[in-house]
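A.B. asks: with the sequence up front, the predicted model follows.
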Amino acid sequence: MAGIFVVAKKEFLDHVMGKKFMAILAILMIISLLAMYQGVESYNEQLESYKERTAEIEEHPEGMPPGWMPKKPSILFVFQMMSMLFGILYAILAIAIGFNLISGEKESGSLKSLLSHPVFRDTVINGKALGGMGALGFAMLVMTFLSIGILMMLGIMPTGDEFVRILVFMGFTLLFMFSFFAIALMCSTVAKNSTRAITYTLVIFIVISFVMPIAGSYVGMQLAGDMPEYPGRGIQEINESEDISKWEEQKEEQERIREEWQEEMQEYMKKVMRVQEMFTIGDPKSNFDKVSAAVLDPTFEPLRGFFGPGGEEPPAGTSILEALGMVWKNLLVLLVFPVVMFTIAYVKFMRMDIR
């Protein structure tokens, strides 16, 4: 273990002091500031709207359904925007750290020199992996402190639940980065040089994160059949000047048809998603998007959206454990994927012929 930590410390310092790491981290920080600014602006606008609507309801409570109140906006909206913006950048940072860990050593000849000393091979590969993950953890720690610090400077204090969700989100983001770091490390071990390593890594990244999700969506829609047509255009417009009983009948019929469409649409999207999940089972980004949505949405439901059930009443709250239980398969992929990639890299490195 002492040897592993010596190698890990050297790799960690080489990463965090390197120009490549500092440049990517600086870009992440700049984009983080922009995302935080836009997110806080939207949050403040939603908060003002919430206060105005609440004041109106308090003044005229008779006009609202019993027990109905608008949902107070959450600062987690800011981190939802960050999640959408940062997925690719986090993957690029992880790839940049891992793609030449082994291939670079082979090109320079330092790996042969290193292994000529009384050091075990597993010490080298484990130390390099640990040092790279430590650098990614350092980057995530900086981004976490930066994000929370900006919120506090702006006078926005997350609640206890929001604070926990933010920390859990950052933890899963780090796990997501580990996935692409493991891919890069695996390619670095398999490839003969760094050029091939970065090429292999980018090909895998593009295929699993872009090609497969698009193909899964297309195949899923083809297998699910025609999308249910929205019935709004086919329903006779309601004329309030007509007989009130006829107007009520039309309204009830309209609601019934729309509810049937919503159920059909929900079943259709379930079929599409089942097929798409088969194509994206090995995509860290798709699984990370679903896990982060569960963590950052206090009212998370897997199928909420334009095809989900309607209604004016805000959805009920979902605890973070309940939300994670809904996406346990995606969470399992994020946990298993980097282990599988590192195992391939480890076995290949231990059997590598270095002469």
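C.D. replies: Okay, I see it. Numbering: from 1, shown residues only.
A.B. asks: okay, CA-based contacts and neighbour counts for the rest of this
C.D. replies: Fine.
A.B. asks: residue closest to the middle of this protein?
C.D. replies: Nearest to the geometric centre of the chain sits Asp289, at 3.0 Å (Cα atoms, centre = their mean).
A.B. asks: what about it, distance to Val295?
C.D. replies: 10 Å (Cα to Cα, to the nearest Å).
A.B. asks: in the stretch 1-150 of the chain, which spans are helices?
C.D. replies: 2-16, 19-59, 76-98, 103-108, 110-115, 121-153 (DSSP state H, counting those that start in this stretch).
A.B. asks: ok, which of these comes nearest Arg258?
C.D. replies: Nearest to Arg258 among the helices of the stretch 1-150 of the chain is helix 19-59 (27.3 Å), distances taken as Cα to Cα.
A.B. asks: got the contact list for the helix or strand where Asp289 lies?
C.D. replies: Taking DSSP states H and E as the criterion, Asp289 maps to helix 284-296. Here helix 284-296 makes contact (Cα atoms under 8 Å, 6 or more residues apart in numbering) with 76-77, 79-80, 83-84, 87, 165-166, 168-169, 172-173, 176, 179-180, 209, 213, 280-281, 300-301, 320, 323-324, 326-327, 330-331, 333-334, 337.
A.B. asks: could you redo the last one with a cut-off of 6 Å?
C.D. replies: 76, 165, 300, 323, 330 (Cα atoms under 6 Å, 6 or more residues apart in numbering).
A.B. asks: any idea how far the third one lies from Asp283?
C.D. replies: It refers to Phe300. Taking Cα to Cα, one finds Phe300 at 22 Å from Asp283.
A.B. asks: so those two - more neighbours on which side?
C.D. replies: Asp283 (24 against 21; other Cα atoms under 10 Å).
A.B. asks: for the more buried one, which non-adjacent residue is spatially closest?
C.D. replies: Distances taken as Cα to Cα, 6 or more residues apart in numbering put Ile208 closest to Asp283, at 5.2 Å, once the chain neighbours are dropped.
A.B. asks: re the thing from before, which of the contacts of helix 284-296 fall within helices?
C.D. replies: 76, 165, 323, 330 (DSSP state H).
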